[in-house]
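Chemist: Coordinates only, no sequence provided:
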């Protein structure tokens, strides 16, 4: 068996990502209620009691809302960096010491048959970081909640077989929308979220010959639409002669399990 994954939920209301290999079953973030996360796992016919651990990207509520509940219910280890632990400890309830593990930024950890590398992103959290997952020569990259895609990020994630990549907003919709200006400025800033266009430009730089599929993630419900995100990214990729399978994600429903082959 190779690796396979599902974007359980993605968007400003809650985020959760599942990836598995022969020996590991890992949840990244738990930004929905415990009940909803169980429902999402049921939707892909995966039993969450078989999870082997939870990775945390950062402490925003849409990434940790159900973290403590799921960790306690299934007695799971949680991995996060030191600043994220400090920032979220008051929000996730009591955990036993043997559930708390440190995963530093820029570190690579081996989880039995999977190598997971963390990398820092520019976002308004304590020390936000995302991950690449490697198993048996295959690589999956998870990149959301990023104000801009730095050269370091590009170097870390380039040539993956599959991407889960942020396309948060259409700049025109955001500028014309109902958000107050200070919120718009935060989203558009270097520690906010990546637009459809910026996602397209970044992906054009990092896609490799082995890249088969891209999931567009963390779409704003107010300032984006699935069709618009797909069309925007696709047109920018096609300008560079890149034709690739672009897939939607949803805040309320999981994507089908995808086998990385």
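Modeler: Received the coordinates, thanks. If you're wondering where the values come from, they're calculated on a predicted model, not measured in any experiment. Numbering: from 1, shown residues only.
Chemist: Show me where the stretch 101-250 of the chain has its helices.
Modeler: 151-157, 171-176, 181-188, 196-206, 226-239 (DSSP state H, counting those that start in this stretch).
Chemist: Pull the distance from the shortest one to the chain's centre.
Modeler: From the chain centre to the centre of helix 171-176 is a distance of 24 Å (C-alpha atoms, centre = their mean, to the nearest Å).
Chemist: If I follow the layout properly, residue 195 ends up in contact with residue 173?
Modeler: No. Contact criterion C-beta atoms under 8 Å: residue 195 and residue 173 do not qualify, at 9.8 Å. Every C-beta, even on glycine, is put in place using the N, C-alpha and C of the backbone.
Chemist: returning to that earlier point: columns distance to residue 248 on top of the helices of the stretch 101-250 of the chain, output as CSV?
Modeler: Below are the helices of the stretch 101-250 of the chain laid out as CSV (distance: least, C-beta to C-beta, whole Å):
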stretch, distance to residue 248
helix 151-157, 20
helix 171-176, 17
helix 181-188, 21
helix 196-206, 13
helix 226-239, 5
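Chemist: Packed most tightly, which of the ones you listed would that be?
Modeler: Scoring those by mean neighbour count under mean count of other C-beta atoms under 10 Å gives helix 196-206 as the most buried, with a mean of 21.
Chemist: where in the protein is pLDDT low?
Modeler: Using pLDDT under 70 as the threshold, the predicted model of the chain has no low-confidence range.
Chemist: let's see 80
Modeler: Counting by pLDDT under 80, the chain shows low-confidence ranges at 1.
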